[in-house]
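Participant: return atomic coordinates for the entry below.
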Amino acid sequence: YSSRHRCPRTSPQTVHLSWGLRLNRMHAAAVMVFVCASAFVLYVVSGYPLLLWILARRRPQPVYNNFEPKTVSILIPVHNGEKWVRPKLESILALDYPADLLEIFVLSDGSTDATEAISLEFADRGVQTVHLPKGGKAVALNKGLELARGEIVFFNDIRQSLEQDCLRNLVSCFADPMVGAVCGELVILSGESLEEESVGLYWRLEKWIRRQLSSMGTLLVVTGCVYAIRRTLAEPLPAGAIGDDIFVPQNVLRKGYRVIFEESAKAYDFPTTHDLEFRRKVRTLAGLYQYIGKHGLGSYWFHFFSYKVSRFVLPYAVAIAGIASFFLPRPYAALTVAAQALFYGLAF
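Facilitator: Numbers count the residues shown, from 1 in each chain. Reported below is the predicted structural model:
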């Protein structure tokens, strides 16, 4: 072969330069991925709450509040709740609200224990027990909406007891004509273990976010065990709906009304273990997936994404940041990996 056809020799310097370029590109990509993933995590955990705090103070939207007695239908769906049905009904009947304006429905969703028998003991005090075949909470609530004749529908779960002025304070908010639904405050009582206390701590942060959302405009979801809605705005839940706490308030928002948070309307619950709380969260997130699949993010898409959808993405962003840490240039790789190992070790 002639010299012009010979393969050129690759010098050691060229090899090192080539590997150096590849490493530089890999480091640059790793830095970009790590920064983006970490920025997203910081936004979800602290950036968005800070933004809400600023907006709530710069553009507050107060609610006109005045107690005007209205007829109220109280719906209590339950499946095998014999442990809680008696104290729950005693709590309902002890409310500081005109008894002649109330109708109370215990919606037994295929209960096989003593739930219905205990509920029937309160028949002479105005409690109506409705036996239903097992069909889920949405089916039970839809039956309750068929029976409800009150101007306001008050949704309850079986476990929680109510402050005496809870209903009165909820109804007072409906004096504002733009309020379509009102969510009360669920107070998690002190737990007996660190595990139970941590669940309560999470809930306190969640309530703080809802307080800011309500102050600046409207809630996007409600607490399913203590909220009320105008009967004229209530629609039947879709067949197979998992969470009424998102379908109901989003229906209200689509009709141009506000959903607000009323801290003085309190319900009380005991903290749960992580195992039970995990099952609750699976159900809640499944309900969100279901709603988004049917309706998208809605008109408040920015807040809906930042408040709810971002939590779907958060675990993946944390994992991506962790993997990218190993490919950062020295000494940053060792520092970031060690910092994350320490963080997860403390969490564990």
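
Participant: what's the local residue count around Val130?
Facilitator: Per other C-beta atoms under 10 Å, the neighbour tally for Val130 reads 19. In short, each C-beta sits where N, CA and C put it, glycine included.

Participant: shouldn't it be within a helix?
Facilitator: No - per DSSP: H, G, I helix; E, B strand; the rest coil, Val130 lies outside any helix segment and is strand.

Participant: following the chain past the strand or helix carrying Leu314, name the next helix or strand.
Facilitator: Here Leu314 sits within helix 310-325, counting by DSSP states H and E. Once the chain leaves helix 310-325, the next helix or strand it forms, by DSSP H and E, is helix 332-347.

Participant: and that following helix, what does it pack against?
Facilitator: helix 310-325 (3 or more C-beta pairs under 8 Å, 6 or more residues apart in numbering; DSSP states H and E).

Participant: how about the helix it packs on, which residues are buried there?
Facilitator: The neighbour-count check on helix 310-325 (16 or more other C-beta atoms under 10 Å) flags Ser310, Ala317, Val318, Ile320, Ala321, Gly322, Ala324, Ser325 as buried.

Participant: not counting its neighbours along the chain, what's nearest the fourth one?
Facilitator: Put plainly, it is Ile320. Ala37 (4.4 Å; C-beta to C-beta, 6 or more residues apart in numbering).

Participant: before we move on, which element is the one you found in?
Facilitator: Using DSSP H and E, Ala37 maps to helix 12-42.

Participant: please name the residues that touch the residue nearest to Ile320.
Facilitator: Ala317, Val318, Ile320, Ala321, Ala324 (C-beta atoms under 8 Å, 6 or more residues apart in numbering).

Participant: nearest to Arg204, of the residues you listed?
Facilitator: Closest approach to Arg204 among the contacts of Ala37 (C-beta to C-beta): Val318, at 22.3 Å.

Participant: pull the longest strand from this protein.
Facilitator: In the chain, assigned by DSSP state E, the strand with the most residues is strand 258-269.

Participant: helices or strands up against it?
Facilitator: Going by 3+ C-beta pairs under 8 Å, 6+ apart, strand 258-269 lies up against strand 161-162, helix 166-172, strand 179-188, helix 194-216, strand 226-230, helix 244-254.

Participant: centroid residue for this protein?
Facilitator: Val221 (6.3 Å; C-alpha atoms, centre = their mean).

Participant: pLDDT below threshold where in the stretch 101-250 of the chain?
Facilitator: Scanning the stretch 101-250 of the chain for pLDDT under 70 picks out the ranges 190-201.

Participant: what about 80?
Facilitator: For the stretch 101-250 of the chain, the stretches with pLDDT under 80 are 188-204.

Participant: want to throw the buried residues of helix 310-325 into CSV with distance to Arg254 and pLDDT?
Facilitator: Shown next, in CSV, are these (distance: C-beta to C-beta, whole Å; pLDDT from 0 to 100):
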residue, distance to Arg254, pLDDT
Ser310, 22, 91
Ala317, 30, 95
Val318, 33, 94
Ile320, 35, 95
Ala321, 36, 94
Gly322, 39, 93
Ala324, 40, 93
Ser325, 43, 92
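
Participant: I'd like those laid out as CSV, including distance to Trp53.
Facilitator: CSV is the format used below for those (distance: C-beta to C-beta, whole Å):
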residue, distance to Trp53
Ser310, 17
Ala317, 22
Val318, 24
Ile320, 28
Ala321, 25
Gly322, 29
Ala324, 30
Ser325, 30
